[in-house]
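>>> only geometry, no sequence info:
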Ligand SMILES: C/C=C/C(=O)SCCNC(=O)CCNC(=O)[C@H](O)C(C)(C)COP(=O)(O)OP(=O)(O)OC[C@H]1O[C@@H](n2cnc3c(N)ncnc32)[C@H](O)[C@@H]1OP(=O)(O)O
Ligand SMILES: NC(=O)C1=CN([C@@H]2O[C@H](COP(=O)(O)OP(=O)(O)OC[C@H]3O[C@@H](n4cnc5c(N)ncnc54)[C@H](OP(=O)(O)O)[C@@H]3O)[C@@H](O)[C@H]2O)C=CC1
């Protein structure tokens, strides 16, 4: 591993140098264990502690197949899907690995008694498999997390519709929270050269998802002037949705849960911010009954902030707790676009407000190859910025996931894998200098 790191840190290393490095037989990786998948049985979700289920193990280097790449991971990030994996909710991810393992001889490698998690990385290509021509050892890359087989025509227009669509590091093994990761080569994209390893590793999953969900025609197709209600506007997804709304000439109405988070949204340029805690919205009277009066109070507050207008697009992901309110506050003909259900996936809303006002609910999930590429391009051009707040070591990934599970974090939480310290890997200092305040906006708050 030392040879790999030395080569990455030497400015003189050539592609041939990387190709000639002897790869280790094993490497360190963050895992969950199959024989522990029942460890939290009977506990409430909130009490399931990722620090207990996430392990840092030495794992065997997987065999490299056609169309694949082995990447030395300098940094990764925590996504909420890793929180779901670590608490074995809503299902254990070992079921995904077993199912994938049944697909082919090659996919069998993924069905192991441990799951190496993580769906983001920034690093350097070490080896490519047969059939890979676009990438070479030594290339500095980030990886998006869409894994597809593309053997069915269903996915040929929109790669997210492939019947064998999987999220790498969640529904496949050999993820990014590790010193080495295995990806399909078409997951690779150029690393934005003005960012450090940990900054570059942080936007991938959430930035691509927010791009499809809000901007792409496959999602809400946001346009200039739209009022966009963004839940969790300083969180992982929300911090990118807010940037897309502002950069696209829309009007974000940011919902957050503390004055600090409200300040972050304002510092990004948002003017309309609602602190849901301070204003005490209680959309559910009890576990089974919603309170339409609270939807209305929320809607009135939005009208105050917009000069009397309602919401064109709701950027939804909290799910059960907010969905009824989201449908209610959307304007006639507006769109609720959802990619998740953090607070519960059995949603309830008053359908009269949907059909009578011709609203639409759009389901959105990650991003297709092209959308992920376009989202990364915006980062590389300095149009959209990473929202990295705090960085942990690989050893402390459990704590990092705990922070995200308990909503103690801001923006994105990074993890250093092979990178010995923060701040390395910047190649374009001029572009960085132009955007340094925006790049650092979320740091250490
Ligand atoms: C990028 C980051 C993203 C995120 O963070 S997203 C948040 C994290 N992700 C999640 O929380 C999602 C986790 N996944 C799940 O909870 C489950 O993954 C799903 C509920 C999405 C799917 O459940 P399942 O049981 O895997 O799939 P089924 O489609 O219900 O398949 C079970 C059997 O049911 C059959 N079936 C499917 N549709 C139909 C139908 N319309 N009529 C009859 N049968 C159907 C199938 O074929 C299959 O059958 P057979 O077991 O024999 O293979
Ligand atoms: N389908 C897909 O492709 C993707 C799905 N996801 C899913 O989206 C969800 C959010 O992910 P991410 O943004 O990274 O997570 P984060 O935890 O970083 O941010 C979510 C934010 O949502 C807000 N929130 C949480 N619970 C509630 C609630 N009950 N009511 C209102 N607001 C709430 C919080 O903000 P505050 O407290 O300030 O209001 C929180 O910071 C997860 O479930 C994740 O699995 C994520 C990425 C891709």
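Good, I have the coordinates. Here the structure is a predicted model, which means the values were calculated and not measured. Ligands and ions are numbered 1, 2, ... in the order given.
>>> Would you quantify the distance from residue 161 to residue 104?
According to Cβ to Cβ, to the nearest Å, residue 161 stands 20 Å off from residue 104. Bear in mind the C-beta positions are built from the backbone N, C-alpha and C, glycine included.
>>> Settle it for me: which of those two has more neighbours?
residue 161 (16 against 13; other Cβ atoms under 10 Å).
>>> Taking the stretch 51-200 of the chain, what residue is nearest to ligand 1?
At 3.6 Å from ligand 1, residue 81 is the closest residue in the stretch 51-200 of the chain, using Cβ to the nearest ligand atom.
>>> for ligand 2, what are the nearby residues on the protein?
In this structure, the chain approaches ligand 2 at residues 79-81, 84, 205-206, 209, 231-232, 234-238, 255-257, 261, 276, 317-318, 321-322, 339-340, 342-343, 365-366, 404, 407, judged by Cβ under 6 Å from any ligand atom.
>>> try 5 Å this time
Residues of the chain lying near ligand 2 by Cβ under 5 Å from any ligand atom: 80, 209, 231-232, 235-237, 256-257, 261, 317-318, 321, 339-340, 342-343, 365-366.
>>> what ranges do the helices span in the stretch 201-350 of the chain?
Listed in chain order, the helices of the stretch 201-350 of the chain (DSSP state H, counting those that start in this stretch) span 204-210, 236-247, 259-268, 292-306, 323-329.
>>> buried subset of the residues of the chain next to ligand 2?
80, 209, 231-232, 235-237, 256-257, 261, 317-318, 321, 339-340, 342, 365-366 (16 or more other Cβ atoms under 10 Å).
>>> any idea how far the residue lying farthest from the centre of the chain lies from residue 426?
Residue farthest from the centre of the chain, counting by Cα atoms, centre = their mean, is residue 356 at 34.4 Å. Per Cβ to Cβ, residue 356 is found 54 Å from residue 426.
>>> Averaged pLDDT, stretch 87-98. What do you get?
What stretch 87-98 shows for mean pLDDT is 98.
>>> Which residues does that stretch contact?
The contact list for stretch 87-98, computed with Cβ atoms under 8 Å, 6 or more residues apart in numbering, reads 32, 34, 37-40, 45, 48, 50, 53, 84-85, 110-112, 115, 117, 166, 170-173, 345, 405.
>>> Residue ranges in the stretch 251-400 of the chain under the pLDDT threshold?
Within the stretch 251-400 of the chain, no range satisfies pLDDT under 70.
>>> For it, which segments are assigned as strands?
For the stretch 251-400 of the chain, the strands defined by DSSP state E, counting those that start in this stretch cover 251-256, 272-275, 284-286, 289-290, 311-316, 330-338, 360-363, 388-393.
>>> Just list what the fifth one packs against, helices and strands only.
Applying 3 or more Cβ pairs under 8 Å, 6 or more residues apart in numbering; DSSP states H and E, one finds that strand 311-316 makes contact with strand 227-230, helix 236-247, helix 323-329, strand 330-338.
>>> Point out the most buried one among these.
strand 227-230 (a mean of 28; mean count of other Cβ atoms under 10 Å).
>>> ok, it: who's next to it in the sheet?
Its sheet considered, strand 227-230 pairs with strand 251-256 (parallel), strand 311-316 (parallel) by DSSP bridges.
>>> Quick one: those as JSON lines, columns for distance to ligand 1 too.
What follows is the strands paired with strand 227-230, written out as JSON lines (distance: least, Cβ to the nearest ligand atom, whole Å):
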{"stretch": "strand 251-256", "distance to ligand 1": "20"}
{"stretch": "strand 311-316", "distance to ligand 1": "13"}
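>>> want to try CSV for these, with distance to residue 267 as columns?
Converted to CSV, the strands paired with strand 227-230 look like this (distance: least, Cβ to Cβ, whole Å):
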stretch, distance to residue 267
strand 251-256, 11
strand 311-316, 19
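>>> Looking at those strands, spot the one closest to residue 191.
In terms of Cβ to Cβ, the element of those nearest to residue 191 is strand 311-316, at 27.2 Å.
>>> ok and the closest one relative to helix 236-247, angle-wise?
Interaxial angle, strand 311-316 versus helix 236-247 (axes from the mean of the first three to the mean of the last three Cα atoms, to 10 degrees): 150 degrees.
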